[in-house]
Structure formats: C-alpha cells, structure tokens
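**Q** sequence? don't have it. structure:
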C-alpha cells in the first residue's frame with residue numbers, strides 16, 4: 001500500500017514536470033513568434049538615421065575633415081548628426097574658449113537643414129575618449145572636475161539657443177566599468193552633479209549612453225530623458241580575434257522595457273547612438289591592410305547591422321564609421337558609401353517630420 005501510494009506521488013511529479021515543460025515550450029514558441037512579428041513591424045517603419053562624425057578621426061584617416069563632413073551632408077544627405085565638443089579643442093588655454101571649429105560644423109548642419117545631437121563633457125566618442133587640454137593635470141581629480149563643470153557650462157550656454165542642436169549627450173558611456181579609452185575611473189556622484197548642472201542651464205532633452213552589450217543601463221536611464229545605447233555585432237578579442245555578439249533585437253527591447261517600467265519610468269525611449277558601420281580593430285585602421293579591413297567588415301555585415309538595428313525599434317539610429325566609408329571610397333571601394341547613400345536617400349523628409357515631434 002505504501003509503495004503504491006509512493007508510486008502515485010512519483011507519477012504525479014512526472015506529470016507535473018511534463019506539464020511545466022510543455023508550458024515552457026509553448027511560452028517560448030509564443031515569445032519567439034511574437035518577437036518575429038515585432039521585428040518585422042519595426043523594420044518596416046521609417047526610423048530616422050544619422051551618423052556620428054569626428055573631424056579628428058577623418059584627419060587620422062588622411063582626409064580633409066571639412067570636405068568629408070560636407071560630403072556627408074550633401075552627397076549622403078544626412079539630416080541627423082552626433083558631434084562632440086572636445087575639451088582639448090574648445091579650451092586651448094585656461095578660461096579661453098575657442099568654438100570656431102565646432103561653430104563651423106554646426107553652421108554647415110544648419111545650412112543643410114540637419115539636426116545635431118551634441119555630446120558634452122570629458123569622456124566623448126572616439127578613442128581615446130578623454131582628451132585633456134595640455135594645461136590640465138587630469139589626474140588631479142578635484143581640479144579636473146571643477147574645470148570640467150566650468151567648461152560644460154560654457155558649452156551648454158553657447159548652444160542652448162541654437163535650434164540646430166536638439167539635444168545634449170552628457171559624457172559617453174560614463175559608467176561603463178570596462179577599460180575603453182584612457183579615462184579616470186567612473187564617478188557616479190560627479191556624473192549626477194554634472195547632469196544637474198546641465199539641467200539647470202537647458203530645457204533640451206538630455207541623453208546618457210551605455211554599452212548595449214556590456215552596460216547595465218539603469219543609472220544612465222534614471223538620469224536621462226532618452227537612453228542612448230551602442231550596438232555592435234562583431235568585436236575584436238585579444239585572445240579569440242574577431243567574435244560575434246549573439247544578442248537578438250528582443251534583448252535590447254526587453255532590457256529597456258524592464259528598466260523603464262521598474263526603475264526609470266520618466267525615460268522616454270531608446271536611441272542607438274553608435275551602430276557599428278566599420279571594422280573593429282585593436283589598432284588604428286591605417287595600420288591594418290585594406291584587405292583585412294574589407295574581410296573583417298564586409299558590406300554584407302554592414303547591411304545586416306542596419307537591418308538588425310531597425311528591428312530593435314529605437315527612436316533614432318546613428319551609424320558609426322562615416323569617415324571610414326569616405327576613406328575606403330578613396331581607396332577604390334565606394335560600395336560602403338553608396339550603400340549608405342541609398343539608405344539615407346528617400347527617408348529624410350519623413351524622418352525629419354518624425355524627429356521634430358519625437359523630442
């Protein structure tokens with residue numbers, strides 16, 4: 001009798017396990033199918049596309065930065081740009097600011113009826129990210145932070161009334177703990193102080209960024225109006241060489257949805273501020289052979305990345321690598337530039353209308 005009773009209990013456990021497994025499989029299938037539908041809906045939408053631009057990087061690739069920039073505006077017809085107010089360029093002497101170069105790029109954007117997301121702070125896009133003025137001992141944390149706030153204040157005050165600048169990005173991946181760039185250790189308390197200062201100076205939206213694959217997002221989302229994520233698909237590892245990321249579009253959507261619902265309800269949406277559009281190398285691309293560059297980042301990967309980013313459903317997508325497209329074009333490979341031209345042409349009128357109401 002006891003054995004019979006135990007047998008019934010074991011049988012009941014097996015039935016429960018089978019039931020749980022079946023439910024899990026069904027829910028997984030529903031989840032997969034639902035996300036396929038969302039992917040297709042998102043990819044059919046007109047999402048504003050833009051590019052990040054670094055004059056210094058264009059120069060490092062042996063190009064005239066102003067020529068490259070004008071071609072981005074004119075030939076590619078780009079209407080959304082992410083520019084940076086690099087500290088070492090705008091404050092060459094203590095308290096003496098020179099905005100001539102940045103003014104030039106903003107005036108060109110205005111003439112082309114483009115809009116600019118302006119990154120301000122110490123840690124900004126492109127290696128080595130943190131660029132100190134020669135006169136500043138950035139290892140003196142107190143001095144650097146005091147001078148940094150003064151610099152940020154000058155930048156925001158100068159461009160707050162400029163209609164071409166639609167939003168400010170505060171720093172670049174400021175809380176990412178991984179060692180990217182040559183920068184001081186992340187300081188969350190100081191970041192909050194910097195954000196508070198900028199909010200006191202402008203009503204424009206603030207964007208904080210984090211790694212899409214390596215960052216937690218929580219604090220950047222809590223401090224910002226819009227979350228800016230990077231999105232990379234093929235990266236370089238010192239031991240394994242080129243390796244792919246296997247994250248799917250739903251991962252980014254789920255990440256934003258959970259954090260915004262539970263921890264950052266004021267955050268209004270996600271922007272892809274850095275979509276991989278060039279090879280990832282552990283050295284300057286000019287030191288990598290042309291064949292290696294093309295093999296590590298073929299045109300097919302570029303197209304795949306753009307389609308992937310659209311599936312994420314971000315409010316905007318900024319492509320990373322326009323300077324390289326121009327450079328590789330000068331080396332006899334115009335296909336990247338021509339593909340970029342194709343994806344920008346035809347969407348800009350609708351994208352501009354969307355952007356004017358989205359922020």
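**A** Good, I have the coordinates. Owing to the predicted nature of the structure, the values given are computational and were not obtained by experimental measurement. Numbering: from 1, shown residues only.
**Q** For the rest of this, base every contact and every neighbour count on C-alpha atoms.
**A** Will do.
**Q** Outline the domain layout of the chain.
**A** Taking automatic domain parsing as the domain assignment, the ranges for the chain are 1-44, 48-358.
**Q** Any idea which of those has the lowest pLDDT on average?
**A** Of all these, the segment with the smallest mean pLDDT is domain 1-44, scoring a mean of 69.
**Q** Return the residues in contact with residue 62.
**A** Contacts here follow C-alpha atoms under 8 Å, 6 or more residues apart in numbering; on that basis residue 62 touches residue 327.
**Q** so where does it fall, helix or strand?
**A** Using DSSP states H and E, residue 62 sits within no helix or strand.
**Q** Distance check, it against residue 127.
**A** Per C-alpha to C-alpha, to the nearest Å, residue 62 is found 17 Å from residue 127.
**Q** Show me where this structure has its strands.
**A** For the chain, the strands defined by DSSP state E occupy 49-52, 80-84, 115-120, 165-170, 206-210, 226-231, 234-237, 241-244, 270-276, 317-320.
**Q** got JSON lines for the ones you listed, with distance to residue 32 and mean neighbour count too?
**A** Listed next are the strands of the chain as JSON lines, based on distance: least, C-alpha to C-alpha, whole Å; neighbours: other C-alpha atoms under 10 Å:
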{"stretch": "strand 49-52", "distance to residue 32": "27", "mean neighbour count": "25"}
{"stretch": "strand 80-84", "distance to residue 32": "33", "mean neighbour count": "24"}
{"stretch": "strand 115-120", "distance to residue 32": "35", "mean neighbour count": "24"}
{"stretch": "strand 165-170", "distance to residue 32": "34", "mean neighbour count": "24"}
{"stretch": "strand 206-210", "distance to residue 32": "26", "mean neighbour count": "26"}
{"stretch": "strand 226-231", "distance to residue 32": "21", "mean neighbour count": "26"}
{"stretch": "strand 234-237", "distance to residue 32": "23", "mean neighbour count": "16"}
{"stretch": "strand 241-244", "distance to residue 32": "21", "mean neighbour count": "11"}
{"stretch": "strand 270-276", "distance to residue 32": "22", "mean neighbour count": "24"}
{"stretch": "strand 317-320", "distance to residue 32": "24", "mean neighbour count": "26"}
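**Q** Among the ones you listed, which comes closest to residue 105?
**A** Smallest distance to residue 105 across the strands of the chain (C-alpha to C-alpha): 8.4 Å, for strand 80-84.
**Q** So what's the gap between the closest one and the chain middle?
**A** 11 Å (C-alpha atoms, centre = their mean, to the nearest Å).
**Q** Quick check: chain neighbours aside, which residue is closest to the residue nearest the centre of the chain?
**A** Taking C-alpha atoms, centre = their mean as the criterion, residue 273 is the residue nearest the geometric centre of the chain, at 2.4 Å. Spatial nearest neighbour of residue 273, excluding adjacent residues (C-alpha to C-alpha, 6 or more residues apart in numbering): residue 318 at 4.9 Å.
**Q** give the contact list for residue 79.
**A** Contacts of residue 79 (C-alpha under 8 Å, 6+ apart): 49, 50, 73, 109, 112, 113, 114, 115, 348, 352.
**Q** So which residues of the stretch 251-359 of the chain form helices?
**A** For the stretch 251-359 of the chain, the helices defined by DSSP state H, counting those that start in this stretch cover 290-296, 299-312, 322-330, 335-344, 348-358.
**Q** Can you tell me which of the ones you listed is most buried?
**A** The highest mean neighbour count among the helices of the stretch 251-359 of the chain, using mean count of other C-alpha atoms under 10 Å, belongs to helix 322-330: a mean of 20.
**Q** From the contact counts, what lies against it?
**A** Using 3 or more C-alpha pairs under 8 Å, 6 or more residues apart in numbering; DSSP states H and E, the elements in contact with helix 322-330 are helix 55-60, helix 65-74, helix 335-344.
**Q** quick revisit: wait, the residue nearest to residue 273 sits on residue 83?
**A** No. Applying C-alpha atoms under 8 Å as the test, residue 318 and residue 83 come out as separate, 11.0 Å apart.
**Q** residues shared between the contacts of the two?
**A** The contact lists of residue 318 and residue 83 share residue 52, where a contact means C-alpha under 8 Å, 6+ apart.
**Q** Nearest to residue 217 among the helices and strands packed on helix 322-330 would be which one?
**A** Judged by C-alpha to C-alpha, the one of the helices and strands packed on helix 322-330 that comes nearest to residue 217 is helix 55-60, at 27.4 Å.
**Q** for the closest one, the distance to its chain's centre please.
**A** Offset of helix 55-60 from its chain centre (C-alpha atoms, centre = their mean): 19 Å.
**Q** Buried residues of it, list them for me.
**A** By neighbour count on 16 or more other C-alpha atoms under 10 Å, the buried set for helix 55-60 is 55, 57, 58.
**Q** so what's residue 199 up against?
**A** Shown in contact with residue 199 (C-alpha under 8 Å, 6+ apart): residue 206.
**Q** now with 7 Å?
**A** With C-alpha atoms under 7 Å, 6 or more residues apart in numbering as the criterion, no residue contacts residue 199.
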